[in-house]
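Q: One predicted model, sequence on top.
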Amino acid sequence: MKIKSWEVSDQFWAIVEPLIPQPARSPDKKYERKRGGGRKPIDPRKVFAGIVYVLRTGIQWKALPKEIFGSPSAIHRYFTEWESRGFF
């Protein structure tokens, strides 16, 4: 099966996954997600695939297919965070 240039293969993901910055958390704070407390985080592979899609196709962030990748603004937020942390 041939994948498209913007798709993230399992082999590529195996290389990228360990490099993805983990969420910054304070060791002094206890984290508990409150019941009904907002959206759950997006799967990092889906985020990375959305970023690759934008970078390979050249579309605008807001044009990112929501039904495939989720919220375009959330994907862009991850991109800017990961970029500031040296991932890109």
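A: The structure has been received and is ready for your questions.
Q: Could you tell me how many residues sit around the nearest residue to Phe88 once chain neighbours are set aside?
A: Setting aside the residues directly before and after it, Phe88 is nearest to Trp82 in space (Cβ to Cβ, 6 or more residues apart in numbering), at 6.2 Å. Bear in mind the C-beta positions are built from the backbone N, C-alpha and C, glycine included. If you count neighbours by other Cβ atoms under 10 Å, Trp82 ends up with 18.
Q: do the same with Arg35
A: Neighbouring residues of Arg35 were enumerated by other Cβ under 10 Å; the total is 5.
Q: Could you measure from the nearest residue to Lys66 once chain neighbours are set aside over to Trp13?
A: For Lys66, the nearest residue in space outside its immediate sequence neighbours is Pro72; the separation is 6.4 Å by Cβ to Cβ, 6+ apart. Look at Pro72 and Trp13: by Cβ to Cβ, to the nearest Å, they are 21 Å apart.
Q: out of those two, which sits in the more crowded spot?
A: Neighbour totals were compared for Pro72 and Trp13, and Pro72 leads with 18 against 14 (other Cβ under 10 Å).
Q: residue contacts, the more buried one?
A: Listed by Cβ atoms under 8 Å, 6 or more residues apart in numbering, the contact set of Pro72 reads Gly50, Trp61, Lys62, Ala63, Leu64, Lys66.
Q: Cross-reference those with the strands and report the matches.
A: Among those, no residue falls in strands (DSSP state E).
Q: List the buried residues in the helix or strand containing the residue nearest to Phe88.
A: Counting by DSSP states H and E, the secondary-structure element that holds Trp82 is helix 72-84. Along helix 72-84, the positions that meet the burial threshold by neighbour count (16 or more other Cβ atoms under 10 Å) are Pro72, Ala74, Ile75, His76, Tyr78, Phe79, Trp82.
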